[in-house]
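*Asks:* how would this look folded up:
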Amino acid sequence: MFWRSVVGKLWFTILLLVSAVLSILMVLLLQSFERFHVNEAESQLVNHATMIAAMYEGYENENDAFYTIQQYGEAFDTHIIMLIEGEKAWSTDEAEDHQVALDTFFTDETLSQVFSGEKVVMTEGDFLFIGDGEEFHSEIMIVGVPLSPERFEDGAVFLYQSLSAIEAASNETRQIIYFSAGIAIVLTTIFAFFLSSRITAPLRKMRQVALEVAQGKFNTKIPILTHDEIGQLAIAFNRMGRELNNNIHALNQEKEQLSRILGSMADGVITLNKKGRVVLTNPPADRFIQSWYYEQGMKQDLHVQLPVALQTLFEKVVLLEKEQVTEVEIQGRSWTVLMTPLYDPNEIRGAVAVFRDMTEERRHDKLRKDFIANVSHELRTPISMLQGYSEAIIDDIVGSDEEKKEIAKIIYDESLRMGRLVNELLDIARMEAGHVELNLEQIEVQSFAERIVRKFHGLAREQGIELTMEMSKEAHLDCDPDRIEQVLTNLLHNAVRHTSEKGHVKLQIYDYEEGCKFDVIDTGSGIPEQDLPYVFERFYKADKARTRGRAGTGLGLAIAKNIVEAHEGTISVHSKMNEGTTFSFFIPKKGNK
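*Replies:* Numbering: from 1, shown residues only. Below you'll find the model as predicted:
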């Protein structure tokens, strides 16, 4: 990990460069100092040899000369050999066990040149030493100075010393160079690490700030410590953070604005990706999708394929690359769909579909046409019966008192029916005008619902229907109990009335934090799909034959809808023919209205 960082790379580069330079300098210095020591030793030996030759030539007495030369040689720790006329005249090796072989001075090509009396010779090498019948070789330096050829024939003075002394001096110099190089490497390491750390510290800070910006902390700033390239980079980074913050803020505002626009639209909007999968919806579109899932008997899953009509429309949009329009009928509601392609720079990246629910327009048209017919039809039957039976009494057609009582009972029932019809019409008129007075009080939902369900046990047993209630936990609700009882009574009565023998009717109640949801589920005959949009309208009847008897006035569900909406709730219905119907209404709790 260290070698992947800028600190490691910069530190290693500086250290490698300095090490290479120091290595080259060390090699050159070692060679230079080694040659210096050799040259210095040679120069000293030449000087000593010249001095000894001068001493020897300056004394008349040979013994005095040898004595002086011996004292001189002991003072400088030098081995001296004097050769005259091819013989060893004197040497300091007499007291030593091993001596340089004399043949060396005559056979060596360099040393033998001194006997010509013209020049001083010097050489280094591995020479033979003899003594006590043993021979060995040693590395020495030999210098030869010729004696005056006029006085001494083939005379010369040779001085030699071991190279170990020179090697010792070279080793000491080498140790000093190595020690200096080591100190330089250590100092370079510290300096390189310090320099790289100072250079990369702002970069590490930028990396930390970049990670914080990636997490959404756009207000984080990098301190400006220098005015070099790194400082300019920090300034540019801070400017980029400000611009990014402004752009993100603008995008969030646009996103929120778009979300509010979509949420407040009366039309449904669905955005599809290039594979035809749902990406974005608004509440009206969600209701459309829920209706589609219920009709298909599927669980809600946005990854399930779209309705066939929409899928075909999407394929046309992608193929033709222009907007398409179609109409879809789902759960009795009519939807007009306008789908438009969405483009990337080079290709289509999806589509947006706008759903407009045309059911209300059609329903209003139908209501205008049917209202007078419905009212007249509902009133004509009881009025006809009242007129017919009253004429029978006036014309004295009825003979017995029992027949008169029966006719009077029929006239009384029909008058009550007309009264209920008029009262319900007045209730609907008041509710639709917004004149609904609610007497709110807190009720315990489970006991309240059980009491209402018990009222229908007798009727359910008579028709061989199983009537049950299910509630997960106790709950309390602020509402008008009389009005909610009116809603439940209407829904349960309709469910029992339209469920055949051995059927099942269930009241299911769910308690949420937001409110309570009531589901009245039956296994009855169901409601035709084309009638589903109209079940909460006035005078709607599942039984189209408006006969006298147990049939209602067709106003109960309209009143129920107005009562639920007066509580700021919602009511809905889902149904399939010959499978059953589910009426659901939701009453919000007081704090969530």
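
*Asks:* Just the helices from this structure, written as ranges.
*Replies:* According to DSSP state H, the chain carries its helices in the segments 6-58, 62-76, 103-107, 163-214, 229-264, 283-296, 308-320, 359-394, 401-432, 445-455, 457-462, 481-497, 556-566.

*Asks:* got the angle between the last one and helix 481-497?
*Replies:* Between helix 556-566 and helix 481-497, the angle comes out at 140 degrees (axes from the mean of the first three to the mean of the last three C-alpha atoms, to 10 degrees).

*Asks:* so what secondary structure elements neighbour helix 556-566?
*Replies:* Other elements packing on helix 556-566 under the criterion 3 or more C-beta pairs under 8 Å, 6 or more residues apart in numbering; DSSP states H and E are helix 401-432, helix 481-497, strand 570-576, strand 580-588. C-beta: built from backbone N, CA, C; applies to glycine.

*Asks:* ditto for the second one
*Replies:* Identification of packing neighbours for helix 62-76 by 3+ C-beta pairs under 8 Å, 6+ apart yields helix 6-58, strand 79-84.

*Asks:* Could you check the angle the first one makes with helix 62-76?
*Replies:* Using the same axes, to 10 degrees, the direction of helix 6-58 lies 170 degrees away from that of helix 62-76.

*Asks:* likewise the last one?
*Replies:* Orientation note: strand 79-84 sits at an angle of 150 degrees relative to helix 62-76 (the same axes, to 10 degrees).

*Asks:* Mind giving me the packing neighbours of strand 79-84?
*Replies:* If you count contacts as 3+ C-beta pairs under 8 Å, 6+ apart, strand 79-84 packs onto helix 6-58, helix 62-76, strand 87-91, strand 156-162.

*Asks:* Just put the ones you listed in CSV and tack on mean neighbour count.
*Replies:* Below are the helices and strands packed on strand 79-84 laid out as CSV (neighbours: other C-beta atoms under 10 Å):
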stretch, mean neighbour count
helix 6-58, 15
helix 62-76, 14
strand 87-91, 16
strand 156-162, 23
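
*Asks:* now for these, which one comes closest to Asn246?
*Replies:* Among the helices and strands packed on strand 79-84, helix 6-58 comes nearest to Asn246, with 30.8 Å by C-beta to C-beta.

*Asks:* for the closest one, packing partners?
*Replies:* Applying 3+ C-beta pairs under 8 Å, 6+ apart, we find helix 6-58 packed against helix 62-76, strand 79-84, strand 121-131, strand 134-146, strand 156-162, helix 163-214.

*Asks:* quick one: buried residues of the fourth one?
*Replies:* Judged by neighbour count using 16 or more other C-beta atoms under 10 Å, the buried positions of strand 134-146 are Ile140, Met141, Ile142, Val143, Gly144, Val145, Pro146.

*Asks:* any idea which of these is closest to Glu403?
*Replies:* Met141 (165.0 Å).

*Asks:* Surely the closest one and Glu40 touch.
*Replies:* No. The pair Met141 / Glu40 is not scored as a contact, 11.1 Å apart, by C-beta atoms under 8 Å.

*Asks:* so Ala351 sits right up against Leu342, yeah?
*Replies:* Yes. Between Ala351 and Leu342 there is a contact under C-beta under 8 Å: 5.9 Å.

*Asks:* list residues touching both of these two?
*Replies:* Common neighbours of Ala351 and Leu342, using C-beta atoms under 8 Å, 6 or more residues apart in numbering, are Thr271.

*Asks:* In terms of neighbours, single out the busier of these two.
*Replies:* A count of neighbours by other C-beta atoms under 10 Å puts Ala351 above the other of Ala351 and Leu342, at 22 against 15.

*Asks:* which ones are touching the more buried one?
*Replies:* Applying C-beta under 8 Å, 6+ apart to Ala351 gives the contacts Thr271, Leu272, Phe314, Val317, Val318, Met339, Thr340, Pro341, Leu342.
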